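Chemist: heads up, no residue letters with this:
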Ligand SMILES: Cc1cc2nc3c(=O)[nH]c(=O)nc-3n(C[C@H](O)[C@H](O)[C@H](O)COP(=O)(O)O)c2cc1C
C-alpha cells in the first residue's frame, strides 16, 4: 500500500522550491537507495554528477535556452515551449537547490533503461523523503555535450540519461490533489 501511495502521491511534479539546501549526505543517501534497480546483465552502468551551486545551474540554464533557441527550426518538439524559453525569468531548473545528472555507460547495451529506472526510483524516494523531484528534459542539449561532460568529470563513453532537480517543495500538496489524470490506454491480453 505504501508503494502505491508513493507512486500516486509523487504527482504533481514539483517545480517550485524553497531555498533550503540539500546536504551532500542526503543526496548521496537518496542515490545509494535509488540504485537498487534491476539492470541488464547486472552491469549497473550508472554514474552521477551533482550540482548544488545555483549560479552554476543558472549558467547551464541560460546555455540550454540559448541552444534551443538557436536550433528552434530543426527541433519542432521544443517550439511549443518557445515563449517560456524566451522569458529571461524562466530558469529551466526552477531555482532548485540540487541537480542530479544520471549518465549511463554506453558500452553497456541496456544503459538507458537501467538508468531510467534509477531516475524513477529517485522520484519516489524524494517523495517519501518530503522532497520534490523533476526530470528536466530541457537540459538534455547541454549535458550531452562532450565539453560539459568534461567539466563535470564524466568520461566520454557515458551517455546522458536523466537530469533531475531535487529540493524542498515550496507548497504542501493537498491530499486530494490529482490534476494530472492518466490518459486512457490499451491493454491487449492475447
Ligand atoms: C523525460 C522527461 C522529461 C521532462 N522534462 C521536463 C522539463 O524539461 N521541464 C519540466 O518542467 N518538466 C519536465 N518533465 C516533467 C513532466 O512534464 C511531467 O512529469 C508530466 O507533465 C506529468 O506530470 P506529473 O509528473 O505531475 O504526473 C519531464 C518528464 C520526463 C519523464
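Modeler: That came through, no problem. Please read all numbers here as calculations on a predicted model, not as lab measurements.
Chemist: Strands of this structure, start to end?
Modeler: In chain order, the chain shows strands spanning 46-51, 98-105, 132-135, 158-167, with DSSP state E as the criterion.
Chemist: if I pick the one residue sitting closest to the centre of the chain, what's in contact with it?
Modeler: To find the centre residue of the chain, average its C-alpha atoms and take the closest one (C-alpha atoms, centre = their mean): that gives residue 164, at 2.1 Å. Residue 164 makes contacts with 99, 100, 101, 102, 119, 122, 123, 133, 134, 135, 136, as judged by C-beta atoms under 8 Å, 6 or more residues apart in numbering. Heads up, the C-betas are built off the backbone N, CA and C, glycines and all.
Chemist: I'd guessed the fourth one sits against residue 121; true?
Modeler: In other words, residue 102. No - using C-beta atoms under 8 Å as the test, residue 102 is too far from residue 121 to be in contact (10.4 Å).
Chemist: For burial, what's the neighbour tally of the residue of the chain found nearest the ligand?
Modeler: Residue nearest to the ligand within the chain (C-beta to the nearest ligand atom): residue 137, separated by 2.9 Å. Applying other C-beta atoms under 10 Å, we find 13 other residues in the vicinity of residue 137.
Chemist: how close does it sit to residue 68?
Modeler: In this structure, residue 137 lies at 11 Å from residue 68, with C-beta to C-beta, to the nearest Å as the measure.
Chemist: quick revisit: beta partners of the closest residue to the residue of the chain closest to the ligand other than its chain neighbours?
Modeler: Ranked by C-beta to C-beta, 6 or more residues apart in numbering and with sequence neighbours excluded, the top spatial neighbour of residue 137 is residue 163, at 8.0 Å. In this entry, residue 163 is beta-bridged to residue 101, by DSSP bridges.
Chemist: if I look at the closest residue to the residue nearest to the centre of the chain other than its chain neighbours, how far off is residue 163?
Modeler: Spatially, and ignoring its direct neighbours in sequence, residue 164 is nearest to residue 100 (4.9 Å; C-beta to C-beta, 6+ apart). Per C-beta to C-beta, residue 100 is found 8 Å from residue 163.
Chemist: Just want to know which of these two has more residues nearby.
Modeler: Between residue 100 and residue 163, counted using other C-beta under 10 Å, residue 163 has the larger neighbour count: 27 against 24.
Chemist: residues contacting that one?
Modeler: Residues touching residue 163, when contacts are defined by C-beta under 8 Å, 6+ apart, comprise 99, 100, 101, 102, 135, 136, 137, 139, 140, 143.
Chemist: Neighbour count for residue 102 and residue 121, which is higher?
Modeler: residue 102 (26 against 17).
Chemist: Would you mind listing what in the protein touches the ligand?
Modeler: Residues of the chain lying close to the ligand by C-beta under 6 Å from any ligand atom are 11, 12, 13, 15, 134, 135, 136, 137, 138, 180.
Chemist: Let's see the ChimeraX selection covering just the buried ones among these.
Modeler: Below is the selection syntax for ChimeraX that covers the buried ones among the residues of the chain next to the ligand, with 16 or more other C-beta atoms under 10 Å defining burial:
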select :134,135,136,138
